[in-house]
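[1] Quick one, structure for this:
(2 chains)
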Amino acid sequence: MLNFTAMTLTIGPELWLAAAGLLGVLLGALMKDGFNGLAFKFGALALFGAAAIAALFYTGGEAFNGLVRTNTFVNFAKIVSFAIGGFALLMSEGFMKRQGTGRYEYALLTIFAALGMGVILSAADLMTLYMGVETLSLSSYVLAAFHRDSARSSEAGLKYFVLGALASGMLLYGASLVYGFAGTTSFAGIAEAKLSIGMMFGMVLMITGLAFKISAAPMHVWTPDVYEGAPTPVGAFFSSAPKMASIVVFANVMFQVFGDAMEQWRLIIAIIAGLSMIIGSFGALTQTNIKRLLGYSSIANVGYALVAVAAGQKLGAGPLLVFMTIYAISSLGLFAGVLAMRRPGGMVEGIGELGGLMRKRPWLTVALSILVWSVAGLPPFGGFFGKLAVFQAGIEAGLMPLAIILVIASVVSLGYYLRLIKIMWFDEPTERFEAIDGSVTFVVLVSALIAGILFMFFIYQLGWWTDQAALGLGS
Amino acid sequence: MGGFPILSALTFMPLVGALLIMFVRAATTGSRSADAAATSGRTALLAGLIISGATFLASLAAFSAFDYGNPGYQLVEQYPWYKTISYKMGVDGLSLSLILLTTFLTPICLLASWNSISTRVTEYVVAFLVLETFMLGVFTAMDLVLFYIFFEAGLIPMFLIIGIWGGKDKIYAAFKFFLYTLLGSLLMLVAVVYMYVTAGSSDFEVLEKFKFAPEVQTWLWLAFVASFAVKLPMWPVHTWLPDAHVQAPTAGSVVLAGVLLKMGGYGFLRFSLPMFPDASHLFQPFMFALAVAAIIYTSLVAWRQTDMKKLIAYSSVAHMGFVTLGVFSFNEIGVQGAIFQMLSHGIISGALFLIVGVVYDRMHTREISAYGGLVHRMPVYASLFMLFTMANVGLPGTSGFIGEILTMIGGFQASTWAAAGAALGVIFSAVYMLTLYRRTVFGQITNPALNDIKDMNWIELVCIVPLALLTLLFGIAPNLIFNMTEGSALRILSMMAGG
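    Residues are numbered from 1 along each chain as shown, chains lettered A, B, ... in the order given. Here you go, the predicted structure:
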């Protein structure tokens, strides 16, 4: 018996985003450039709306003959990533306008990217998964190249596209192998199928393709270049909302589709996690461009998140959500901090140019420092609890070597996080900074408050929510 | 359970004060001429003094509510936090004595900065108050993870204090201090997580009863010692200390030597002994060897220093060797002596750093050779310096004597050789301290710049005289402390014995 309302609500947020996106296209066609002024708020509204729908009208279960299936685990990720995406869009406006690229297409592409995030999170079938991945990726390629007069931005977009297409190819090839040996594309069907060597090949190829999308080593090479070349707000978006969604999808696929093959894939994930942590933290040490540095830092953080995946569904699902929620918020805040640093000559990107920020903008610096310490995982800030949760999952799962690598990577990463602090607090100020839009400062302060301070007190609640959400995966 | 949460109030009072100061400054930052900046800096220092003074009073209130007869944890507060971790606070005699030391030293540190810190004063006061909260948290926490959070969070304000207000090589010293300590702490974190995953709780009282398998204990013990040995510091991982001490501002050195080092000794007594008794017995000779090496080697190194602060820093390492010796003697007299030595060293070395700060503020050099003949111009200073020199050497009548003699007696019962080595260190301490004193205070004035040097002003006296009085008081009436710590010392030893 088909229940139309329930079926619609299962993909409610996605439908809402698709409708908003199409409406945006229509408005753009009718109003031409007149829509530019409105588009960013329109887009943010669409994303916040999607988050609200996911939060308030959540209906779990299967729909469309098993093509989509939602549970609390992915729904949690939907709420967080849509909301973060909305903030990312909101703070982009001033920057994009100043660069002369504040066009409505930017907002629409973000909406479509969010639609892709929603679809992959709801996917319960290889076809749906692939469609969502492509929607997200294609929007991202264009976003990376959005500043089309800039050679750097175009290069970033092209690089991202070529490598991304290769990864999509691998994902697709893996998916077809899995389909060939399991005889079905539905997640539930594959989970029940007999594990054969052909399917293992398919699984490894799928892991490779997905690892590219979450920028895990050794499929990470594009990350620093794209983060550096793409317009800063795009970097902010990439490192927060889609990252949260993709990692949760990654975990979802591993847990739900290949749950029985855990002994087989655990080692692969552990190696990917270890490599990401090492490459990310050592790679960042020598960076002088802050956007590249944040790119490497995000690779390392993906590695931490993958420790939770390697710990398995039972131990790792809840901690993964805790870690990624706090990380995504902090990462958005850090990028907002980069956006907030503007000098008469243009944007600040070199690390040394942040010198003496404390003397000029004490509150912004305190907020940024809290974010840096939080991402570095220093107590008492929220990021510490995220790392602690992941760390605990790793130890409970008996992954001692990974836990040790996590510790070492944390110490190494402190080397460059401390350098940021040192430059902001100890060095003498060089030039003056220009006033910046309120929305950016707002995002920095709010994310520092939430990720750094609030989760320190409400980590109990966050842990409870995520544990409840993880129960949605079944036992 | 129930009642007013005095420990939380005490711990977080400085933090709340720091936030208040920040907000008030943000609200009043209008015209910022150099004059106005100096005045607002003084106001901030005054506010910091009042807040830390109030914290001291609060700690006295906790002290008055403390029951000597009860060896267990008192004034306990507990709330759920994250999974099996709870927010739990409580004190016993050991932690209460260190809390009093902390709250007593912090106002002195702030007062000592009255004239010596002139840039970014508000931030300085805020950093100091935040640091006080974290230090107090280390001693009040009764949950392993909560302890860890405070333990590591204290690095952040100290990093800023060294890095912003330090001397010439402050950046290097700050980084070295931070990364050294952090590596140790993170190894401890591995053990911490393993412990509460295994025992199912991170509550001290549960963990003290939980028996870890002997081979597991060995690893856990090593991980904890990695952290505490760096903090204490023990030879050979002490090298961050001279750098940090020399570069830190005077008040930073005082709090570093006075309180932060004590966290290492506290950690040994709180975790290593009661929770891993088998491993502690196993590693006893190893710890004795390191303690004696620290006492002899760093005493000799101290002797050859040309920088006054460096000399005192090395002497700190040597004196903390006595703490290790006392703790790992596993008998009442040794453990009591170790606790006493921690308190006494906190007072004496803090005072010595202040003493150095007095002449540094006037001459802006710490080279011993730049001084000489100070007694002709600064008689009050020379007498106070004399008192603390003697206390550091361990002259009977001062608190330094009690701590050293007790730890040596305790060590003697466990190992004759270790005690003999440590006794050698006492002789060396006389050598380097008296050399320092002779070369700076006695003799003729050779440096013409010293002719106009002024004796101590009343602010400096207010800082140092209370420390002098306490040194004498505890030297004459050590029972004031022993009565407080006896219960916890016996309790720790009985837990070691498996009781």
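[2] Helix, strand, or coil at the closest residue to A:Ala469 other than its chain neighbours?
    Spatial nearest neighbour of A:Ala469, excluding adjacent residues (Cβ to Cβ, 6 or more residues apart in numbering or on different chains): A:Phe76 at 3.9 Å. C-beta here means a position set from N, CA and C on the backbone, and glycine is covered the same way. Classification of A:Phe76 by DSSP: H, G, I helix; E, B strand; the rest coil places it in helix.
[3] separation between A:Phe76 and chain B?
    Distance of A:Phe76 to chain B, computed by Cβ to the nearest Cβ, to the nearest Å: 17 Å.
[4] before we move on, what about A:Ser176?
    For A:Ser176 relative to chain B (Cβ to the nearest Cβ), the value is 41 Å.
[5] Confirm that residue sits in a helix?
    Yes. Under three-state DSSP, A:Ser176 falls within a helix.
[6] wait, it sits on A:Gly202?
    Yes. Taking contacts as Cβ atoms under 8 Å, A:Ser176 lies within contact range of A:Gly202: 7.5 Å.
[7] Can you list the residue ranges for strands in the stretch 301-450 of chain A?
    For the stretch 301-450 of chain A, applying DSSP state E, counting those that start in this stretch gives strands covering A:342-343, A:346-347.
[8] Then chain B?
    Taking DSSP state E as the criterion, chain B contains strands spanning B:74-82, B:85-91.
[9] Could you dump these into a markdown table with mean neighbour count added?
    Shown next, in a markdown table, are those (neighbours: other Cβ atoms under 10 Å in any protein chain shown):
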| stretch | mean neighbour count |
| --- | --- |
| strand B:74-82 | 17 |
| strand B:85-91 | 22 |
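[10] what about B:Ser40, how many neighbours?
    Neighbourhood size, B:Ser40 [other Cβ atoms under 10 Å in any protein chain shown]: 17.
[11] Tell me both backbone torsions, phi and psi, for the one residue in chain A that gets nearest to chain B.
    Closest residue of chain A to chain B, Cβ to the nearest Cβ: A:Pro379 (3.8 Å). The phi/psi pair for A:Pro379 (degrees, to the nearest 10) reads phi -70, psi 160.
[12] Tell me how far it lies from B:Ile161.
    Using Cβ to Cβ, to the nearest Å, A:Pro379 is found at 18 Å from B:Ile161.
[13] Give me the distance between the most centrally placed residue in chain B and chain A.
    The residue lying closest to the centre of chain B (Cα atoms, centre = their mean) is B:Val259, at 2.1 Å. Separation of B:Val259 from chain A (Cβ to the nearest Cβ) stands at 18 Å.
[14] I'd assumed B:Leu105 was in contact with that residue.
    Yes. The pair B:Val259 / B:Leu105 is scored as a contact, 6.3 Å apart, by Cβ under 8 Å.
[15] Would you pull up the residue in the stretch 51-200 of chain B closest to chain A?
    B:Ile149 (3.8 Å).
[16] which ones are touching the closest residue in space to A:Ser447 that isn't next to it in sequence?
    Nearest residue to A:Ser447 in three dimensions, chain neighbours excluded: A:Gly333, at 2.9 Å (Cβ to Cβ, 6+ apart). Shown in contact with A:Gly333 (Cβ atoms under 8 Å, 6 or more residues apart in numbering or on different chains): A:Ala367, A:Leu368, A:Leu371, A:Val443, A:Val444, A:Val446, A:Ser447, A:Ala448, A:Ala451.
[17] Quickly note the distance from the second one to B:Leu155.
    Right, the one you point to is A:Leu368. Counting by Cβ to Cβ, the gap from A:Leu368 to B:Leu155 is 18 Å.
[18] So for those two, which residue has more residues nearby?
    The residue with more neighbours, out of A:Leu368 and B:Leu155, is A:Leu368; 28 against 22, by other Cβ under 10 Å.
[19] In contact with that one, which residues?
    Residues in contact with A:Leu368 (Cβ under 8 Å, 6+ apart) are A:Gly333, A:Leu334, A:Gly337, A:Leu357, A:Met424, A:Val444, A:Ala448.
[20] can we see that at 10 Å?
    A:333-334, A:336-338, A:340-341, A:354, A:357-358, A:361, A:420-421, A:424, A:444-445, A:447-448 (Cβ atoms under 10 Å, 6 or more residues apart in numbering or on different chains).
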